[in-house]
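> This is a predicted model, with the sequence first.
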Amino acid sequence: MSSLPAWSSRTGRRLPALLLALLLGASSTAAEAATVPGAKASAPVATPDRLRYDVSLRADADGSRWTGRQRVSFRNASDRPLREVYVRLWGNGEDGCGTPGKPSPIRVSKVGGGTAGGLTVNCTALRIGLPKPLARGARTAVAFDVSVTVPARNNRFGREGAFRFLGNALPVLAVHDAKGWHLDPYVSTGESFYSLASEFRVRLDHPSALKVPATGRTWTRPGGHGRTITRSVAHRVRDFAWAAGPFRTATETSPGGVRVKSYWSPGTSAGGVRLNRRDGVAAVDRFGKEFGRYPYGEIDLVMTSGFGGGREYPGLVFLGTTEEGSAVVHEIAHQWWYGIVGNDEYASPWLDESFAQYANARFYGWDTRDCWSEDDWPSDRAALTNSMAYWAAHPGEYHLVYTAGPCALADLERTLGAGTMARLLKRYAHDHWYGVSTTADFKKAAQSVTAKDLTPFWKRHRIR
Ligand SMILES: [Zn+2]
């Protein structure tokens, strides 16, 4: 997630303090026990895993309402029998359980394959009890009807004029690991999302007047009268997002072979669209070289003038775009930091936000010398590695994840040397490719590439 215009600034001795990128992200220490070599075999690993989502939705005349059926199959990776799963309805985050006249925007019904419990966590979680405990290695599936009503606000799940944004609209399964079920609350300050790499096969039936960018590789064919079927297949992604509207479009292929598809509303600055297309193509190839080749083949840039900041989803980013461009480089960096290398965004937002913003600063050649300042930190409790629970209670400090965070990583680069830092990031990405990382994992990886004791470095930079 990201915000304000300073993302493309090449000037300034320090990273712009008001940058306040409202970019989002986090990680958890939850999976640590499962990833420490020699950990007991009975330590609960992240589950349910090897998820596959099969979804078919039909839109109304303007893409405001989508209804259909969703099936999720999965395996139990844990030694412990799996007795239940939780479906996260993140699209209800802003509206909660709704009101008698205005129900929650995401509704699930006719649950099959298990028994639905009540909605919890302000109507963002639904427990489904399995008919019998699922043994380790066994697979099963649940299915349900889903109804999505796009809210009136301009947001990741919202609308702008004739354009609909469906980020976090599709229900996804929560993760269970050594910390138990991750049922963290939705926060508007940042992001709470945590999910495992999954397969998605999604069929979207919509009026032909609407273009529908979506996660994954997509293709279209004629549907019923005046309608089009957009199909998408996405491999090893953590989420699925789409948009709908009378977009203008253009497609280019990067020198590295990634298809960059641009979608913009007619009111979007033509100069901004040009900048986004240029920087988007350059960024996806550059980060592919730095962190490992972009594996999804295609990325969609969805641009409008009124969207606030940027929002990242696998293979699709929403970009509020002015004549100065957008946070396109930051959001594309998230394809690696959050997307390919996953993290619990509620537990450790810095693991995706600070890393994406560090990549952004390097892309634009920002001067990061002396940009770390102890004066930015209001108390001993404030740490770069704090969870969203802390940042949601101290929203005025959350910008530190975007401002001080990349400064800390730039200082680490100077401490290790540029070549060693580059090798560290590439190896770290490789070791957690399609998996989940934690702060402890990153610290361990960094310590492994240097003879220097990094303990004082972590302490000074509030990496705990
Ligand atoms: Zn971000």
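That came through, no problem. Given the structure is predicted, the values throughout are model-derived calculations rather than measurements. Numbers count the residues shown, from 1 in each chain.

> Residue numbers of this structure in contact with the ion?
Neighbours of the ion within the chain, by Cβ under 5 Å from the ion: Met1, Ser2, Leu23, Glu353, Ala356. C-beta here means a position set from N, CA and C on the backbone, and glycine is covered the same way.

> give the contact list for Glu84.
Residues near Glu84 by Cβ atoms under 8 Å, 6 or more residues apart in numbering: Gly114, Arg127, Ile128, Gly129, Leu130.

> continuing past the helix or strand harbouring it, what's the next helix or strand?
Glu84 belongs to strand 82-88 when assigned by DSSP states H and E. Using DSSP H and E, the next helix or strand after strand 82-88 towards the C-terminus is strand 98-99.

> What is the burial count for Leu210?
22 (other Cβ atoms under 10 Å).

> swap in Ser379?
Neighbours of Ser379 using other Cβ under 10 Å come to 8.

> quick revisit: closest to Leu454 among the contacts of Glu84?
Closest approach between the contacts of Glu84 and Leu454, by Cβ to Cβ: Arg127, at 41.7 Å.

> Just list whatever residues bridge to the closest one.
Note on Arg127: beta-bridge partners by DSSP bridges are Tyr86.

> separation between it and Ser73?
Here Arg127 is placed at a distance of 18 Å from Ser73 (Cβ to Cβ, to the nearest Å).

> Could you do Leu454 as well?
On the measure of Cβ to Cβ, Leu454 and Ser73 end up 42 Å apart.

> Domain ranges for this structure, per the record?
Domain assignment for the chain by automatic domain parsing gives 17-29+248-333, 48-244, 350-460.

> Can you say which of these is nearest to Ile340?
domain 350-460 (6.0 Å).

> ends of the closest one, how far apart?
Domain 350-460 has an end-to-end distance of 16 Å (criterion: Cα to Cα, to the nearest Å).

> Rebuild the residues of the chain next to the ion as CSV, extending it with pLDDT.
Shown next, in CSV, are the residues of the chain next to the ion (pLDDT from 0 to 100):
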residue, pLDDT
Met1, 92
Ser2, 84
Leu23, 37
Glu353, 98
Ala356, 98
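
> show me the contacts for Val175.
Neighbour list for Val175: Ala30, Ala46, Thr47, Trp181, His182, Tyr194, Ser195, Leu196, Asp344 [criterion: Cβ under 8 Å, 6+ apart].

> With adjacent residues omitted, what lies nearest to it?
Leaving out its chain neighbours, the residue that sits closest to Val175 by Cβ to Cβ, 6 or more residues apart in numbering is His182, at 4.9 Å.

> State the pLDDT value of the one you found.
pLDDT recorded at His182 is 98.

> Same check on Asn386?
Reading off the model, Asn386 has pLDDT 98.

> Check the one 4 residues further on too.
We have a pLDDT of 98 for Tyr390.

> Check the offset of the strand holding Glu84 from the chain's centre.
21 Å (Cα atoms, centre = their mean, to the nearest Å).

> And that strand, what's buried?
By neighbour count with 16 or more other Cβ atoms under 10 Å, strand 82-88 contains the buried residues Leu82, Val85, Tyr86, Val87, Arg88.

> isn't the first one right up against Asn76?
Meaning Leu82. Yes: counting by Cβ atoms under 8 Å, Asn76 is a contact partner of Leu82 at 4.1 Å.

> ok, back up a step: which of the domains of the chain comes out lowest on mean pLDDT?
Looking at the domains of the chain, the weakest mean confidence is domain 17-29+248-333, a mean of 89.

> ok so, going back, want to throw the contacts of Val175 into CSV with neighbour count, distance to Ala209 and secondary structure?
Output for the contacts of Val175, formatted as CSV (neighbours: other Cβ atoms under 10 Å; distance: Cβ to Cβ, whole Å; DSSP: H, G, I helix; E, B strand; the rest coil):
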residue, neighbour count, distance to Ala209, secondary structure
Ala30, 22, 45, coil
Ala46, 24, 42, coil
Thr47, 24, 42, strand
Trp181, 14, 42, strand
His182, 22, 40, coil
Tyr194, 26, 36, coil
Ser195, 21, 32, coil
Leu196, 23, 36, coil
Asp344, 31, 40, coil
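
> could you pull out the helices for the stretch 201-350 of the chain?
All helices of the stretch 201-350 of the chain, identified by DSSP state H, counting those that start in this stretch, fall at 270-291, 328-333, 350-364.
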